[in-house]
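Participant: Next input, structure requested:
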Amino acid sequence: MNSAQRLMFVSSPSAPRVELESFPIPVPQAGQVLVRNTHSQVSAGSESNFLRFGPQSYGLPESALRANIGYMTVGRILAIGPGVTGFAIGDRVTTAAGHSSHALIDVTPTAAIDPVPDGTPDEAAGFAALGDVALHGVRRAQIQIEQSVAIFGMGIVGQLVLQFARCSGAHPIIAIDLVDERLELARRSGATHVINPSREDVVARVREITRGAGAEVVFHCAQAASILQTTMECASDRGTVVLTGSPPGTATIRLKEELLRKELKLTGTYETGMTVPHAYWPWTRQRNRRSFLRMVASGQLHLGHLLTHVVPATDAPGIYDLVLRGSTGWLGIVFRWE
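Facilitator: Predicted coordinates:
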């Protein structure tokens, strides 16, 4: 390959779109490595927000109408700049680069570049960043063995929260989603029960499964902010509701009936500043990512059944059209950089 390629997200009132463009293969400078990516993984919620609502919804300036976004890649180190230690040419790594065939990575103590252990497929390894998000939420929830858990939203983050909760000894584990195919995948991820709110009263069903108590931990992993009230209704007395997704918009809740009378704990998760370990919280983002990679390699976490599309990067425009149409027909999406 004489030039590199990347996906450019273009926001416009008439026709937001994704384009594939070429750019010169960069040369690593001091403290940098050049990675030749084999795959990049799609964070469907945040990336589709750019196309739906513009660059500000992705945390970019409003003027950034054209951007190379994404933050999950896996590949091999192609070249190393002066002063880099701890990595060698040929090492397989995950990084936080945008969707591209080549990426320059600044190697610092807190950089999002992690070695991929043997036995971890590239298609799964690239989801380490979402593994970090899910694991952080489960750590914040402090799940105990035999603690009941309900999870709203069976996207990739919800599926990984489910699997980490299973590894933590949670029981029962209740998966909740409007899409039946995602609920079937949740069973394969370890859910003991599944609920489709379009057909069942989700609050009554959660209480039935938990013998009237409600779930001791409820995870909000969906893209709908408005369901926060329902998650609180599903929680047990003195239960915990953890916001692990990043739903846009606002939510209306009852203060007296749920938050006050049930003495609920409402926990947000975002990981600001989680780059350096502290005696009271040693779980950095790097440690979470590397835990995810180790657990995939050991067989404790399973992603194969969650990968519905592993396709060439040239298929990206059609893939994003599919994502923008709704939640059916896809889940884990991976682009191959041939």
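
Participant: domain ranges for the chain?
Facilitator: Listed domain ranges for the chain are 4-127+303-336, 130-268 (source: automatic domain parsing).

Participant: Of these, which stretch is the most buried?
Facilitator: Ranked by mean neighbour count, the domains of the chain are led by domain 130-268 with a mean of 20 (mean count of other Cβ atoms under 10 Å). Any C-beta I mention is one placed from the backbone N, CA and C, and that applies to glycine too.

Participant: how far does that one stretch from start to finish?
Facilitator: Start and end residues of domain 130-268 are separated by 16 Å (Cα to Cα, to the nearest Å).

Participant: How far off centre is that domain?
Facilitator: Here the centre of domain 130-268 is set off from its chain's centre by 16 Å, with Cα atoms, centre = their mean, to the nearest Å.

Participant: where's residue 20, which helix or strand?
Facilitator: In this assignment (DSSP states H and E), residue 20 forms part of strand 17-23.

Participant: Quick check: residue 120 touching residue 297?
Facilitator: Yes - using Cβ atoms under 8 Å, residue 120 is in contact with residue 297, at 4.5 Å.

Participant: neighbouring strands for the helix or strand just after the strand holding residue 20, and are they parallel or not?
Facilitator: The helix or strand immediately downstream of strand 17-23 is strand 32-41, counting by DSSP H and E. Strand pairing for strand 32-41, determined by DSSP bridges: strand 73-80 (antiparallel), strand 102-106 (antiparallel), strand 332-336 (antiparallel).

Participant: Would you agree residue 165 is in contact with residue 150?
Facilitator: No - checked against Cβ under 8 Å, the pair residue 165 and residue 150 is beyond contact range at 9.9 Å.

Participant: By average pLDDT, which secondary structure element in the chain comes out worst?
Facilitator: Sorting the helices and strands of the chain by mean pLDDT, DSSP states H and E puts helix 44-53 at the bottom, at a mean of 91.

Participant: Show me the contact partners of whatever helix or strand comes next after that one.
Facilitator: Per DSSP H and E, the first helix or strand lying C-terminal to helix 44-53 is strand 66-67. The contact list for strand 66-67 (Cβ atoms under 8 Å, 6 or more residues apart in numbering) reads 8, 9, 10, 11, 50, 55, 58, 60, 98.

Participant: Is the last one in contact with residue 58, as I believe?
Facilitator: No - taking contacts as Cβ under 8 Å, residue 98 lies outside contact range of residue 58: 11.1 Å.

Participant: Quickly list what's touching both of the two.
Facilitator: 67, 69.

Participant: before we move on, the earlier item: need the contacts of strand 66-67 in a markdown table with distance to residue 198, can you?
Facilitator: Listed next are the contacts of strand 66-67 as a markdown table, based on distance: Cβ to Cβ, whole Å:
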| residue | distance to residue 198 |
| --- | --- |
| 8 | 37 |
| 9 | 32 |
| 10 | 35 |
| 11 | 32 |
| 50 | 28 |
| 55 | 33 |
| 58 | 30 |
| 60 | 35 |
| 98 | 36 |
